[in-house]
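J.: Model the following, please.
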Amino acid sequence: MRGAVTFILKGYPRLSETFIAQEIKALEGRGLAIEIVSLRRPTDPYRHPIHDEIKAPVVYLPEYLWHEPLRLWRGWRASRRRTGYAAARRVWLADLARDRTANRIRRFGQALVLAAEIGPETVHLHAHFLHTPASVARYAGLITGLPWSCSAHAKDIWTSPQWEKAEKLADCHWMVTCTAANRDHLAGLAPPGRVELAYHGLDLARFPSVGKERHDGPVILLSVGRAVEKKGYDDLLTALAALPGDLDWRFIHIGGGPLLGPLKSQARAAGIDHRVTWLGAQAFDVVLANYRSADIFVLPCRIAADGDRDGLPNVLMEAMACALPVLSSRVSGIPELIDDGVNGRLTPPGDATALAAALGELIADADLRGRLGAAGEARLRGHFSMDRGIDRLMAKFQTVSTAS
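T.: Numbering: from 1, shown residues only. Below you'll find the model as predicted:
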């Protein structure tokens, strides 16, 4: 494909979005020229090694418009001369009438800057996430006349209003999403053939198969994820507190998030804080070492009050690649990866009693852990390599006109 694709991301780099970095690195390896445009600057204390392997240049748009008023003014001056500016402004004003927020204004301002600064080598815009990044891509695409596409994931799908999803689906060149559950939902709002399934999968080269060795001492439970409502960590702590007293276990959590404080208080109140270790956000090598030393991986996802939910969490795939038996919930795309009782365990979302029963069974039965861990690794390596999804994306990008 001649020309470059501009990837529009909400933030870059982000530890919680290494699946996007994995995709960019793989697409570069297949010859796709990429520029990264980020709507926010990084805030994570660590970088994943893959971020240092990516060659694409990174441009940061004004995170808040008042931070760079001259850049915004120049963007407006240049964009308003484009033939597509009037159409973009009409679309934005219609959106603003239904979503009167500062964020909606910021999206248009960022699109003005993007449209003005985009290089002549760019032939296509691609947004990761259907909410804010797709809005910026849509407005900038209208201004410049460039086609745009989108990868939709989880929160962006389930917390966006129906009208906005339908209009973006009607306007975009194409859209991919990472679970069949997402695809079925979006396809019901889209023109025929507009939405396709492309699993993220895993870069298996970063997870060589080493098997699991049993060890003496307590059974180590591990979870990696942000402390937010949809991860169900309060349900997990309730379940842990209900386990029989004769079971010897320890729980390790890796990740940041706004609910860490309340979760720590819950563990103390339940009398299990001496068995729980909160490591916070960690670098990839620390996460990988914990996958390899743990005995069970648990992520009891659920649907949050605002509709937010996971798609198919990459941490489940990472744990399975390390032959960890996984315990999660029947939410969204997770059953597409895990067959309950065959290559992992699934419980109903929000059901702490069922979660405690499954945990107790796994903690007490090392043979069961070994069987599920081995079956999970086989499932992951046989069906969820990233290569299939990357091949599909390259095919999509190659359909874009390269006329300059």
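
J.: most remote residue from the protein's center?
T.: residue 246 (37.7 Å; C-alpha atoms, centre = their mean).

J.: Wasn't it part of a strand?
T.: No. Residue 246: not assigned to a strand; according to DSSP: H, G, I helix; E, B strand; the rest coil it is coil.

J.: so what's residue 189 up against?
T.: 162, 165-166, 169 (C-beta atoms under 8 Å, 6 or more residues apart in numbering). Glycine gets a C-beta too; all of them are placed from N, C-alpha and C.

J.: separation between it and residue 223?
T.: Distance, residue 189 to residue 223, by C-beta to C-beta, to the nearest Å: 33 Å.

J.: now swap in residue 179 and tell me
T.: Using C-beta to C-beta, residue 179 is found at 20 Å from residue 223.

J.: What pLDDT does the model give residue 109?
T.: pLDDT recorded at residue 109 is 98.

J.: How about it, nearest residue that isn't a chain neighbour?
T.: Leaving aside its sequence neighbours, residue 109 sits nearest to residue 65 (C-beta to C-beta, 6 or more residues apart in numbering; 4.4 Å).

J.: how about the contacts of residue 189 in a markdown table, adding secondary structure and distance to residue 73?
T.: A markdown table is the format used below for those (DSSP: H, G, I helix; E, B strand; the rest coil; distance: C-beta to C-beta, whole Å):
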| residue | secondary structure | distance to residue 73 |
| --- | --- | --- |
| 162 | helix | 35 |
| 165 | helix | 32 |
| 166 | helix | 33 |
| 169 | helix | 33 |
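
J.: of those residues, buried ones?
T.: Among the contacts of residue 189, those classed as buried by 16 or more other C-beta atoms under 10 Å are 165-166, 169.

J.: For residue 251, state which of those is nearest.
T.: Using C-beta to C-beta, residue 165 comes nearest to residue 251 of those, at 37.4 Å.

J.: Look up the closest residue to the closest one, ignoring the ones flanking it.
T.: residue 189 (5.4 Å).

J.: Show the pLDDT at the one you found.
T.: Residue 189 is assigned 97 on the pLDDT scale.

J.: How about the secondary structure of it?
T.: Under three-state DSSP, residue 189 comes out as coil.

J.: just residue 157 next, same as before
T.: Per three-state DSSP, the secondary structure class of residue 157 is helix.

J.: Can you give me the neighbour number for it?
T.: Residues near residue 157, counting by other C-beta atoms under 10 Å, number 24.

J.: if I look at it, how far off is residue 124?
T.: According to C-beta to C-beta, residue 157 stands 22 Å off from residue 124.

J.: My guess is the residue nearest to residue 109 contacts residue 75. True?
T.: No. Between residue 65 and residue 75 there is no contact under C-beta atoms under 8 Å: 9.8 Å.

J.: got any residues that touch both of the two?
T.: residue 109.

J.: Run through the strands of the chain in chain order.
T.: If DSSP state E is used as the criterion, the strands of the chain fall at 4-9, 33-38, 58-60, 122-128, 148-152, 174-177, 195-197, 219-224, 249-254, 276-280, 296-298, 326-329, 345-347.

J.: how about JSON lines for those strands, with mean neighbour count, mean pLDDT and distance to residue 382 added?
T.: JSON lines is the format used below for these (neighbours: other C-beta atoms under 10 Å; pLDDT from 0 to 100; distance: least, C-beta to C-beta, whole Å):
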{"stretch": "strand 4-9", "mean neighbour count": "24", "mean pLDDT": "97", "distance to residue 382": "29"}
{"stretch": "strand 33-38", "mean neighbour count": "20", "mean pLDDT": "97", "distance to residue 382": "29"}
{"stretch": "strand 58-60", "mean neighbour count": "16", "mean pLDDT": "97", "distance to residue 382": "35"}
{"stretch": "strand 122-128", "mean neighbour count": "25", "mean pLDDT": "97", "distance to residue 382": "27"}
{"stretch": "strand 148-152", "mean neighbour count": "26", "mean pLDDT": "98", "distance to residue 382": "24"}
{"stretch": "strand 174-177", "mean neighbour count": "23", "mean pLDDT": "97", "distance to residue 382": "22"}
{"stretch": "strand 195-197", "mean neighbour count": "19", "mean pLDDT": "96", "distance to residue 382": "18"}
{"stretch": "strand 219-224", "mean neighbour count": "22", "mean pLDDT": "98", "distance to residue 382": "23"}
{"stretch": "strand 249-254", "mean neighbour count": "20", "mean pLDDT": "98", "distance to residue 382": "27"}
{"stretch": "strand 276-280", "mean neighbour count": "15", "mean pLDDT": "97", "distance to residue 382": "31"}
{"stretch": "strand 296-298", "mean neighbour count": "26", "mean pLDDT": "98", "distance to residue 382": "19"}
{"stretch": "strand 326-329", "mean neighbour count": "28", "mean pLDDT": "98", "distance to residue 382": "16"}
{"stretch": "strand 345-347", "mean neighbour count": "24", "mean pLDDT": "98", "distance to residue 382": "19"}
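
J.: what's the closest of the ones you listed to residue 94?
T.: Nearest to residue 94, of all these, is strand 148-152, at 17.7 Å by C-beta to C-beta.

J.: which strands and helices sit next to the closest one?
T.: strand 122-128, helix 132-144, strand 174-177 (3 or more C-beta pairs under 8 Å, 6 or more residues apart in numbering; DSSP states H and E).

J.: Give me the neighbour count for the closest residue to residue 228 other than its chain neighbours.
T.: In space, and not counting its chain neighbours, residue 228 is closest to residue 257: 5.2 Å by C-beta to C-beta, 6+ apart. Residues within reach of residue 257, counting by other C-beta under 10 Å, total 18.

J.: cool, residue 49 as well?
T.: Applying other C-beta under 10 Å, we find 12 residues neighbouring residue 49.

J.: More neighbours: residue 65 and residue 75, which one.
T.: In this view residue 65 and residue 75 are compared by other C-beta under 10 Å, and residue 75 has more residues nearby, 24 against 19.

J.: show me what contacts the more buried one?
T.: By C-beta under 8 Å, 6+ apart, the neighbours of residue 75 are 109, 112-117.

J.: Next: residue 42.
T.: 11-14.

J.: What values do phi and psi take at it?
T.: According to degrees, to the nearest 10, the main-chain angles of residue 42 amount to phi -70, psi 150.

J.: Residue 51 versus that one, what's the distance?
T.: Distance of residue 42 to residue 51, given as C-beta to C-beta: 9 Å.
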